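# Need the 3D shape of this:
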Amino acid sequence: MAESHFLQIRELLDKRKIVYEHLIHEHVHHSEDAAKIRGTNLSEAAKAIILKVEARDRSFSFIQAVISGDQRIDLKKLKNLLDSRNISLASPDEVLEKTGCTIGSVPPFGQLFGLSVYMDESLLEKPQIVFSAGTHHDSILMNPEDYLTVVEPKVIEMKK
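Next up is the predicted model:
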């Protein structure tokens, strides 16, 4: 199923005539390992994280946060920005259920999964971004402005 996400991303980028590079590499699980094997900087990694959001009425939903590989999300800041009761990392089972991907392979294309996408503004300062494309061995390298155009995330400041 995750391989189909890669194909959906490629189709989306090709349809929009976005320039990108498809990187095929060894199976990796962590941003640090991926940066080494890709030959890119950890700060250029667009890490996609699935978060569980508890609304004020105690209902739950999921969102996707995209942040630089060398940064951490400030969950308190995000909780305040979204005016929610609580925000936590989704469990590995919840990530798999929501995306069809295992942690470390989730692409930052939340629209594929019906999720709202929030992107940390610092990624727009990078000359390029690179991210897992639905598998642990496929990555995509592209311009952050092009990513912004295709995904249309809500750009906020959410890093610690």
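
# Ile24: how many residues sit nearby?
9 (other Cβ atoms under 10 Å). Backbone N, C-alpha and C define where each C-beta goes, glycine included.

# Thought Asp138 was touching it, still the case?
Yes - using Cβ atoms under 8 Å, Ile24 is in contact with Asp138, at 6.1 Å.

# okay, the residue minimising distance to the centre of the chain: pLDDT?
Nearest to the mean C-alpha position of the chain, counting by Cα atoms, centre = their mean, stands Ala48 at 2.2 Å. For Ala48, the model assigns a pLDDT of 96.

# how long is stretch 40-50 end to end?
Stretch 40-50 has an end-to-end distance of 23 Å (Cα to Cα, to the nearest Å).

# Give me the contacts around that stretch.
Residues outside stretch 40-50 that contact it (Cβ atoms under 8 Å, 6 or more residues apart in numbering): 31-32, 34-35, 62-71, 73, 89-90, 94-95, 98-99, 106-110, 115, 119, 123, 126-132, 141, 144, 147.

# how does it look with 6 Å?
With Cβ atoms under 6 Å, 6 or more residues apart in numbering as the test, stretch 40-50 has contacts from 31, 35, 62, 64-70, 90, 95, 98, 106, 108, 123, 126, 128-131.

# one step back: for the closest residue to the residue nearest to the centre of the chain other than its chain neighbours, give me phi and psi.
What sits nearest to Ala48 in space, not counting adjacent residues and going by Cβ to Cβ, 6 or more residues apart in numbering, is Pro108, at 4.0 Å. Backbone torsions for Pro108, taken as degrees, to the nearest 10, come to phi -80, psi 40.
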